[in-house]
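Visitor: no sequence for this one, just the structure:
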């Protein structure tokens, strides 16, 4: 009789453990649908009985490795085109997306971009903190034909040189015009 009592106690204990895992029919259907979707996404048949959880974990790990390999093989400049720092590593940016960083090993930087004022800035990753810490503004400015950063004296000098060049050109046709043009260039330089 004691052996039967021990079995009854074991059965009661197992039923209590199983009751903590019970779920409604709707929850069971949802779990089955999710499981089938994961199996299919990982390349297994939805209804195959020979797929163990470790097979699913291995398939996920293999996909993660493929993603890492693909990201490390992305094209990137070996040196930052602006700062000439060497490539250091790919780092995930807040908000998603992997970016190449340059410099290292303590701090690495993204490739600088030009803002609306024509100044270059980049993001800095602090490897000691393990986080993106701030933006860095570089002391470089992009100057194109739409934006000139020149003081008045420099502009006057450019205009005077243009007038002198014109004076040399017209001297062939009108010798007295050359002296007038050179006088005008001198007045431009003087700021008159």
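Guide: Ah, there it is. Remember, predicted model here, so these are calculated numbers, not experimental data. Residues are numbered from 1 along each chain as shown.
Visitor: How many residues are close by the residue found closest to residue 126 once you drop the neighbours it is linked to in the chain?
Guide: Counting by Cβ to Cβ, 6 or more residues apart in numbering, residue 133 is the residue found nearest to residue 126 once chain neighbours are left out, at 4.5 Å. (Each C-beta comes from the backbone N, C-alpha and C, glycine too.) Using other Cβ atoms under 10 Å, residue 133 is surrounded by 12 other residues.
Visitor: List the contacts of residue 133.
Guide: 124-126 (Cβ atoms under 8 Å, 6 or more residues apart in numbering).
Visitor: Now with 10 Å, please.
Guide: Going by Cβ atoms under 10 Å, 6 or more residues apart in numbering, residue 133 touches 107, 123-126.
Visitor: now residue 56
Guide: 35, 38-39, 41-42, 44.
Visitor: What is the nearest of those residues to residue 61?
Guide: Proximity of these to residue 61 (Cβ to Cβ) peaks at residue 42, which lies at 10.7 Å.
Visitor: Helix, strand or coil: sort out the closest residue to the closest one other than its chain neighbours for me.
Guide: Using Cβ to Cβ, 6+ apart and skipping residues adjacent in sequence, the residue nearest residue 42 is residue 59, 4.2 Å away. When classified by DSSP: H, G, I helix; E, B strand; the rest coil, residue 59 comes out as helix.
Visitor: Just the pLDDT for residue 59.
Guide: Residue-level confidence at residue 59 comes out at 85, pLDDT.
Visitor: Would you mind measuring from residue 52 to residue 27?
Guide: Distance of residue 52 to residue 27, given as Cβ to Cβ, to the nearest Å: 23 Å.
Visitor: no no, residue 64
Guide: 29 Å.
Visitor: Repeat that for residue 60.
Guide: 23 Å.
Visitor: Who has more neighbours out of these two?
Guide: Using other Cβ under 10 Å as the criterion, residue 60 and residue 27 rank with residue 60 on top: 13 against 10.
Visitor: For the closest residue to that one other than its chain neighbours, list the residues it contacts.
Guide: Spatial nearest neighbour of residue 60, excluding adjacent residues (Cβ to Cβ, 6+ apart): residue 42 at 6.9 Å. Applying Cβ under 10 Å, 6+ apart, we find residue 42 in contact with 51, 55-60, 62-63.
Visitor: Show me which of those residues are buried.
Guide: 51, 56, 59 (16 or more other Cβ atoms under 10 Å).
Visitor: part of a strand, is the first one?
Guide: No. Secondary structure assignment places residue 51 outside any strand; it is coil (three-state DSSP).
Visitor: That one: what's its closest spatial neighbour, skipping adjacent residues?
Guide: Excluding the flanking residues, the one nearest residue 51 by Cβ to Cβ, 6+ apart is residue 44, at 5.0 Å.
Visitor: what residue ranges in the chain score low on pLDDT?
Guide: 1, 70-74, 117-118, 136-155, 162-178, 180-181 (pLDDT under 70).
Visitor: which residues in it form strands?
Guide: Using DSSP state E, the strands found in the chain span residues 87-92, 98-103, 107-109, 113-114, 119-126, 131-141.
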